[in-house]
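Enquirer: The following block contains a protein sequence and its predicted model.
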Amino acid sequence: MFKTVVTLIRGSVAATGEELEDRTALLILDQQMRDAAAAVERSKRTLALAIAQDQQEGRKLEATIARIDDLETRAVAALEGGREDLAREAAEAIAGLEADRDAAMTARALFATEIARLKQHVASAQARINELDRGRRLARASEAVRSLRRSGIEAARPYESTLPEAESTLRRLRDRQMEAQAADDALVELDVATGPLATAERLAEQGFGPRLKTTADDVLARLKSKQTSTT
């Protein structure tokens, strides 16, 4: 007996734990999805920052290339004008600008790689979140249906009537009404058979007093009397 009680308690605890887990599963899923969505938003902001920095490096690169082209044109003109000193000064500036150009190109290559990686990560994460959201909606719908079914089949509370009980009450009410109607009909028939009118009718049939109802014989006799009077 003690072992049975212990087993029953363990079973009740397990059932309660499963029910609690079912009730909180959707809440946990909602929070996990909010956390995941926040992480995706951070990734999107990082991606946007990387794209902005890449665009900035692109503008700097274009400006550097334009300055290099301009200085090269001027340096050639200085050489043609016999001013090698100015041409050398321009060449030193061009060398520094070319270093900046190469650094900017390297930076843009790194940004391109990182941007591609972030785009793929964000797209994949967003697709997974969308799939989770669809699954969450289905889970909520399934849970709602299951709750309705569970509420419909669970045992009624002591103070609540069930549908079968209501149907049984209606059947009993109809049976009593039919019995009452049958009794009323029987009383009417009994009154007709045994009442004063019935007694008077029987007396009339025996020749004691006029008939209460016209019979076929009465109608035939009246017709014959009319025939006799006309002839």
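Expert: Noted; the coordinates are in hand. Numbering: from 1, shown residues only.
Enquirer: Domains in this structure, by residue range?
Expert: What automatic domain parsing lists as the domains of the chain is 2-154, 167-230.
Enquirer: possible to save those domains as JSON lines with mean pLDDT and mean neighbour count?
Expert: The C-beta positions use only the backbone N, C-alpha and C, and glycine is treated the same way. Compiled in JSON lines, the domains of the chain are given as follows (pLDDT from 0 to 100; neighbours: other C-beta atoms under 10 Å):
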{"stretch": "domain 2-154", "mean pLDDT": "82", "mean neighbour count": "13"}
{"stretch": "domain 167-230", "mean pLDDT": "69", "mean neighbour count": "10"}
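Enquirer: so what pLDDT did residue 231 get?
Expert: Per-residue confidence for residue 231 comes out at a pLDDT of 60.
Enquirer: start at 120 instead
Expert: Let's use 120 as the start, then, which means that last one is residue 350.
Enquirer: Would you agree residue 244 is in contact with residue 156?
Expert: No: Residue 244 is beyond contact range of residue 156, at 9.0 Å (criterion: C-beta atoms under 8 Å).
Enquirer: those helices in the protein, which residues are they?
Expert: Counting by DSSP state H, the chain has helices at residues 121-199, 203-272, 282-313, 315-324, 335-349.
Enquirer: got the angle between the first one and helix 203-272?
Expert: Going back to what we said before, that points to helix 121-199. With axes from the mean of the first three to the mean of the last three C-alpha atoms, to 10 degrees defining the directions, helix 121-199 sits at 160 degrees from helix 203-272.
Enquirer: Please name every helix or strand in contact with helix 121-199.
Expert: helix 203-272 (3 or more C-beta pairs under 8 Å, 6 or more residues apart in numbering; DSSP states H and E).
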